[in-house]
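Novice: sequence? don't have it. structure:
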């Protein structure tokens with residue numbers, strides 16, 4: 001639908017007005033809640049009233065909004081940069097921890113220190129005795145997604161694939177290939193056939209390997225060892241070739257895990273602070289836009305972002 005404003009209306013002013021909450025509220029009222037893309041009648045748009053100041057005032061409001069939005073966008077860019085820095089700081093520490101090895105560290109292929117086991121194939125249903133964990137249940141951080149769960153029925157065959165607390169399971173294909181989940185014992189769960197359980201045969205803390213799978217070293221290996229460009233495959237044979245460096249001492253392993261946890265928590269707290277700031281800036285933008293089209297844009301409002 002093309003709108004052609006009269007000479008008394010600024011195109012930019014009209015465009016900004018259509019982004020305001022006032023317009024959106026009026027649109028819902030006149031269209032009885034229908035989505036914008038479903039509105040077929042021009043009469044609905046014609047029926048919506050707009051508080052229209054003189055053209056000179058429209059231009060002044062556009063200038064104020066342009067200046068305000070530029071300042072908000074600049075503030076958002078700074079916050080987003082700080083957010084990225086917080087993430088990279090933890091990632092950098094994690095990478096260095098496995099690269100700058102201490103004394104008495106081992107460097108072995110995963111196949112030499114762990115057993116690899118493929119998951120269970122069954123038909124998932126909405127109800128059952130065991131949760132059925134699939135590759136799509138692992139999020140980008142290697143944690144379990146607690147929504148959209150599916151289940152399978154209890155059976156002797158399925159029992160062999162029950163997960164224990166702190167078990168490691170890895171996606172071997174799809175968008176999350178090579179992502180590793182550190183399973184927490186929320187409920188009786190079985191891992192599906194496109195997942196691989198990694199069980200160490202030596203004294204290695206599962207959680208240490210989980211942190212290792214977040215490093216550049218791990219992902220470089222995973223990308224080099226995977227096959228299939230369109231649908232990457234990271235099968236049992238490939239995962240056995242991953243080289244893992246770790247301290248022999250379980251005490252040192254646990255100390256590293258404690259350190260990683262503490263830094264991870266601090267990074268997450270910072271991320272929440274920055275996400276809250278980003279949300280606040282978006283709300284400020286909406287607020288200023290709303291004031292502009294309800295006749296409340298005063299000199300006090302103009303200094304809001306100063």
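Specialist: Everything's here; your move. Every value quoted in this text rests on a predicted model; they were computed, and no experiment measured them.
Novice: what's the neighbour count on residue 270?
Specialist: Look at residue 270: counted by other CB atoms under 10 Å, it has 17 neighbours. Yep, even glycine has a C-beta here, placed from its N, CA and C like the rest.
Novice: May I have the secondary structure class of it?
Specialist: On the three-state scheme (DSSP: H, G, I helix; E, B strand; the rest coil), residue 270 is labelled helix.
Novice: if you skip the residues just before and after it, what's nearest to it?
Specialist: Distances taken as CB to CB, 6 or more residues apart in numbering put residue 86 closest to residue 270, at 4.1 Å, once the chain neighbours are dropped.
Novice: Could you report the neighbour count for that neighbour?
Specialist: 19.
Novice: element containing it, please.
Specialist: Counting by DSSP states H and E, the element that carries residue 86 is helix 55-99.
Novice: Could you list which residues are in contact with residue 169?
Specialist: Shown here is residue 169, whose contacts under the criterion CB atoms under 8 Å, 6 or more residues apart in numbering are 119, 133, 138, 163, 180, 181, 183, 191, 195, 196, 197, 198.
Novice: and it, which of the three is it?
Specialist: Secondary structure, three-state DSSP: residue 169 is strand.
Novice: May I have the beta-bridge partners of it?
Specialist: The residues paired with residue 169 through beta bridges, assigned by DSSP bridges, are residue 181, residue 197.
Novice: what residue ranges in the protein are flagged as low confidence?
Specialist: Within the chain, the stretches falling below the threshold (pLDDT under 70) are 1-7, 22, 25-51, 228-230, 295, 297-306.
Novice: That one: helices as residue ranges?
Specialist: Using DSSP state H, the helices of the chain run over residues 11-17, 21-31, 42-47, 55-99, 110-113, 156-159, 206-212, 216-225, 236-239, 250-292, 299-302.
Novice: Rebuild those helices as TSV, extending it with distance to residue 148.
Specialist: Written out in TSV, the entries for those read as follows (distance: least, CB to CB, whole Å):
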stretch	distance to residue 148
helix 11-17	39
helix 21-31	30
helix 42-47	37
helix 55-99	26
helix 110-113	30
helix 156-159	20
helix 206-212	23
helix 216-225	26
helix 236-239	26
helix 250-292	23
helix 299-302	43
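Novice: closest one to residue 144 among those?
Specialist: Distances from residue 144 to each of the helices of the chain were compared using CB to CB; the minimum, 12.1 Å, belongs to helix 206-212.
Novice: so what does the closest one touch, helix or strand wise?
Specialist: Here helix 206-212 is seen to pack against strand 168-171, strand 180-182, strand 195-200, strand 243-247, helix 250-292 when contacts are counted using 3 or more CB pairs under 8 Å, 6 or more residues apart in numbering; DSSP states H and E.
Novice: circling back to that earlier point, quick one: closest of the helices of the chain to residue 123.
Specialist: Ranked by CB to CB, the member of those that lies closest to residue 123 is helix 156-159, at 11.6 Å.
Novice: got a list of what residue 221 touches?
Specialist: Contact criterion CB under 8 Å, 6+ apart gives 241, 242, 243 as the residues in contact with residue 221.
Novice: Try it again at 6 Å.
Specialist: residue 242 (CB atoms under 6 Å, 6 or more residues apart in numbering).
Novice: Next: residue 90.
Specialist: Residues counted as contacts of residue 90 (CB under 6 Å, 6+ apart) are 263, 267.
Novice: and if we set it to 8 Å?
Specialist: Contact criterion CB under 8 Å, 6+ apart gives 263, 264, 266, 267 as the residues in contact with residue 90.
Novice: repeat for residue 120
Specialist: Residue 120 makes contact with 152, 157, 158, 160, 161, 190, 191, 192, 193 under the criterion CB under 8 Å, 6+ apart.
Novice: again, only using 7 Å
Specialist: Under the criterion of CB atoms under 7 Å, 6 or more residues apart in numbering, the contact partners of residue 120 comprise 158, 161, 190, 191, 192, 193.
Novice: Among those, which one lies nearest to residue 220?
Specialist: residue 191 (25.8 Å).
Novice: Excluding chain neighbours, give the residue nearest to the closest one in space.
Specialist: If you skip the residues right next to it in sequence, residue 191 has residue 119 as its closest partner in space, 4.2 Å away by CB to CB, 6+ apart.
Novice: now residue 207
Specialist: Ranked by CB to CB, 6+ apart and with sequence neighbours excluded, the top spatial neighbour of residue 207 is residue 257, at 5.0 Å.
Novice: Give me the number of neighbouring residues for the one you found.
Specialist: Using other CB under 10 Å, residue 257 is surrounded by 16 other residues.
Novice: go on, the one 4 residues further on?
Specialist: Other residues within reach of residue 261 by the criterion other CB under 10 Å amount to 12.
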